[in-house]
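# fold the following.
(one chain, ligands or ions: 2)
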Amino acid sequence: MASNLTILKQKKYFKLPPNLPSYEKAVKSFKKWSDFEGQLSFFKDHKINAAYNAIDKHIQTFRKNKVALYFESESGEKKEFSYYDLFLLSNKACNVFKDLGLEKNDRAFIFLPRIPQLFYCFLGIQKVGAVAGTLFSAFGPQALEDRLGDSQAKIIITNNELKERVEKIRHKLPNLKHVISVDNHDFIKRMEKAKDSTHVAHMEPDDYAFMLYTSGTTGKPKGVVHSHKAILMQHLTAKWVLDLHDQDTYWCTADPGWVTGIAYEILGSWSNGVTSVVYEGRFDAKKWYEILEKYAVSVWYTAPTAIRMLMAAGDDLVKNYNLSNLRHLCSVGEPLNPACVLWSQKVFGLPFHDNWWQTETGGILIANYPSMNIKPGSMGKPIPGIKAAIFDDNGEKVPFKKEGNLAIKPNWPSLMKTIWRKPKKYRSYFFFERNTNQKWYLSGDRAWQDKDGYFWFVGRADDVIKTSGERVGPFEVESALVAHPSVIEAGVIGKPDPMRGEIIKAFVVLEKSHEEKIKKSGEEKKLIEELQAFVKKRLAGHAYPREIEFIDKLPKTRSGKIMRRILKAKELGLPIGDTSTLEEY
Ligand code: ATP
Ligand code: MG
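Ligands and ions are numbered 1, 2, ... in the order given. Take a look at the predicted model:
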């Protein structure tokens, strides 16, 4: 087990006092979630609406004319929207959808790139009291059919380009009543004519507010459903972990096709009244630095894949930009290699703060906070109010430093309400602790906890490798490889072996100059041995990859997660399973 001894003491870098000045105090003083409900706006009848909390509540305050959204299109077109603009536009969208027959609890999905319509249509659907869903804009017809069919969506909102994919499968979707294109004259007309005030549906806190399908990293995506009150968790974690302040300009690079984009680009972030940047285009190192500089971004929330790509683009590039407004950096979605944290400390003068959560958890559950020291490679500590623990396969807690199943004590406000039409699947997420019979939520991830209370990610339960009787997590092997100057990324799997049960195989993407060098000089074998020795020096003897293969690109989900199951299936010549979220590769 890698125990990383580096501790990054948080320098007094913050230009603003952190929203969570003392983690320990907040944990100690936490009593119950309802004590925080005062931070939300409930209607007089104690009902609630997430969209009202994200946008409408600000209209009565100084934020009315504050910029909520700076939008930049792929081609460089810029637009800005105040809270008041989004209030009016989402009211209009709500009225248009009501006119089309959308009702409480119906599902309406948005299939759009990251453009302003996505954001106000999402809010408009929630205002109707219907369930807002998102579909990532790169989905093909099969992925759409699976999701729209399973959710029995009544309306889909798309654009002229993407509409063609929906039309291909429309005949297979009897529940789908309207396919709306935001480019279409009819929709534009309807929006123009619609009233800009509306009755926002008063919802029970547990009523369904949004749903989306998981990333499909480990298998077929699941339709996870969340309630209106989930916004309490999203609001608090955006405050405590992302440390959003009124003065901030915040950029979350996620796409609302995935849960991070919904929870922290629409709901929790706007609920805190922050100014957000949305860039429509894809990842591009230069463009990203340009956006950070141009909009004077102060809080930046991104993902390990992007950070590794920025590292690969080189340190010199960073120096061309004035990034002095940056004050807090966060990462989610995959384990964050220690090398990434150390690199960002070097080039930005700020460490990335890793945090862990899942589509199913609806909000961040384990995190590094601005006021807490970072141990690079650790996910941090549970959110005040969250109890996390590590269990063995028999449902018994394991001691510190021992690896096992990461579980969370229910209920927190953003725990999923159900898996759409799969109640059995939903129930399978819970188990009872052996000795106490207490109920726990099983994450499906393996981790361990150190004596200081920090949690360390090992791997997804399906990905953990058993070699010579020892368990090895792919993350520690990948992180050791990534620390080598020639390696950009690595994906590690267990490969069946008659002697050892499994051996460790690593697929490695090399930095360009090294790649060219080994191609020219045929020194591949030498580099493999060097990498093996490099890992051996860092990890226990059995944890080095006996096989290393150099590849151009790792298979990833469209949200940037390494799909180890695909590496494994290809290696073993097995069927590769659901590929609806696989990036072109
Ligand atoms: P599927 O459930 O369909 O296989 P998925 O698990 O990738 O897809 P998400 O809900 O988007 O779908 O991702 C949650 C998972 O991502 C976590 O269970 C964990 O494996 C991984 N993850 C997220 N954040 C972190 C993190 N900070 N460190 C390590 N792993 C993380
Ligand atoms: Mg999952």
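
# please count neighbours and contacts with C-alpha atoms only from this point.
Noted.

# gap between the residue of the chain positioned farthest from its centre and ligand 1?
Here the chain reaches farthest from its C-alpha mean at residue 521, the gap being 40.9 Å by C-alpha atoms, centre = their mean. Note on residue 521: its distance to ligand 1, by C-alpha to the nearest ligand atom, to the nearest Å, is 37 Å.

# please name the residues that touch that residue.
Applying C-alpha atoms under 8 Å, 6 or more residues apart in numbering, we find residue 521 in contact with no residue.

# try residue 397
With contacts defined as C-alpha under 8 Å, 6+ apart, residue 397 is in contact with 389, 390, 391, 433.

# which of these sits closest to residue 537?
Distances from residue 537 to the contacts of residue 397, taken as C-alpha to C-alpha, are shortest for residue 390 (27.9 Å).

# excluding chain neighbours, what is closest to that closest one?
Of all residues beyond its chain neighbours, the one nearest residue 390 is residue 406 (4.8 Å), with distances taken as C-alpha to C-alpha, 6 or more residues apart in numbering.

# I figured the one you found hits residue 440, correct?
No - checked against C-alpha atoms under 8 Å, the pair residue 406 and residue 440 is beyond contact range at 9.8 Å.

# who's more crowded, these two?
Taking other C-alpha atoms under 10 Å, residue 406 and residue 440 do not tie; residue 406 has more neighbours (27 against 21).

# near ligand 1, which residues of this protein show up?
The chain has residues 214-221, 332-335, 354-359, 379, 445, 457, 460 near ligand 1, with proximity defined as C-alpha under 6 Å from any ligand atom.

# what about residue 219, distance to residue 564?
Here residue 219 is placed at a distance of 11 Å from residue 564 (C-alpha to C-alpha, to the nearest Å).

# between these two, tell me which one has more neighbours.
Shown here are residue 219 and residue 564; by other C-alpha under 10 Å, residue 564 has more neighbours (23 against 17).

# pretty sure that one contacts residue 491?
Yes - judged on C-alpha under 8 Å, residue 564 makes contact with residue 491 at a distance of 6.5 Å.

# residues making contact with whichever strand or helix holds residue 488?
Using DSSP states H and E, residue 488 sits within strand 487-497. Here strand 487-497 makes contact (C-alpha under 8 Å, 6+ apart) with 308-309, 312, 463-467, 474-475, 477-479, 481-482, 502-511, 554, 562, 564, 567-568, 571-572.

# helices - which of the residues you listed land there?
The helices in this structure, assigned by DSSP state H, contain 308-309, 312, 474-475, 477-479, 481-482, 564, 567-568, 571-572 from the contacts of strand 487-497.

# farthest pair within those?
Among those, the pair separated by the greatest distance (C-alpha to C-alpha) is 312 and 572, at 30.1 Å.

# out of the two, which sits in the busier spot?
Just comparing residue 312 and residue 572: by other C-alpha under 10 Å the higher neighbour count belongs to residue 312, 18 against 11.

# which parts of this structure belong to which domain?
Domain segmentation of the chain under automatic domain parsing yields 23-382, 388-458, 463-572.

# between those domains, which gets nearest to residue 580?
Nearest to residue 580 among those is domain 23-382; the distance by C-alpha to C-alpha comes to 5.2 Å.

# quick one: end-to-end distance for that closest one.
Using C-alpha to C-alpha, the end-to-end distance of domain 23-382 comes to 10 Å.

# that one: how far from the chain's middle?
When C-alpha coordinates are averaged (C-alpha atoms, centre = their mean, to the nearest Å), domain 23-382 and its chain have centres 10 Å apart.

# quick one: average confidence on it?
In this model, domain 23-382 has an average pLDDT of 97.

# please, where are all the helices along the stretch 151-300 of the chain?
Counting by DSSP state H, counting those that start in this stretch, residue ranges of the helices within the stretch 151-300 of the chain are 160-169, 185-193, 230-240, 259-262, 268-271, 285-294.
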